[in-house]
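> coordinates for the following, if possible.
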Amino acid sequence: MGVPDLVGLNLQDALQILEESGLCATPRIVRYFPPASKGLEQGCNVEERVIRQRIVENGQIELVVSSFKDCPRDF
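Numbers count the residues shown, from 1 in each chain. Modelled structure (predicted):
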C-alpha cells in the first residue's frame, strides 16, 4: 500500500487519513510561517493545511503545514 496524498488537506483530516491508512509511519509536523501569515486578521477562521509531504528517515513522514485564513470576501 502506498502513501496517501495529503497535500491540500486540513492537518487534522490528514492525520486521520494517515492513521486509517495502516501505514506504519510516524508523522513529523513542520510548521511554515511565511511573512504574510503575520497579519492574519482576528475574526477569521484560520486553519492549518498540508503544503508538502515526504518520507524521511526512520519510518517518519514529514508534513509541512501552513496557516490559511478562511474569511468571507466582501463584494
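> just list whatever residues bridge to residue 28.
Residues found in beta-bridge contact with residue 28 (criterion: DSSP bridges) are residue 62.
> for it, give me its contacts.
Counting by Cβ atoms under 8 Å, 6 or more residues apart in numbering, residue 28 makes contact with 56, 60, 61, 62, 63. Where you see a C-beta, it was placed from the backbone N, CA and C, and this is true even at glycine.
> surely the first one touches residue 30?
No: contact between residue 56 and residue 30 fails when scored by Cβ atoms under 8 Å: they sit 10.0 Å apart.
> joint contacts of those two?
Once Cβ under 8 Å, 6+ apart is applied, the residues that residue 56 and residue 30 both contact turn out to be residue 62.
> ok, now which ones touch residue 3?
Residues counted as contacts of residue 3 (Cβ under 8 Å, 6+ apart) are 21, 23, 25, 53, 55, 61.
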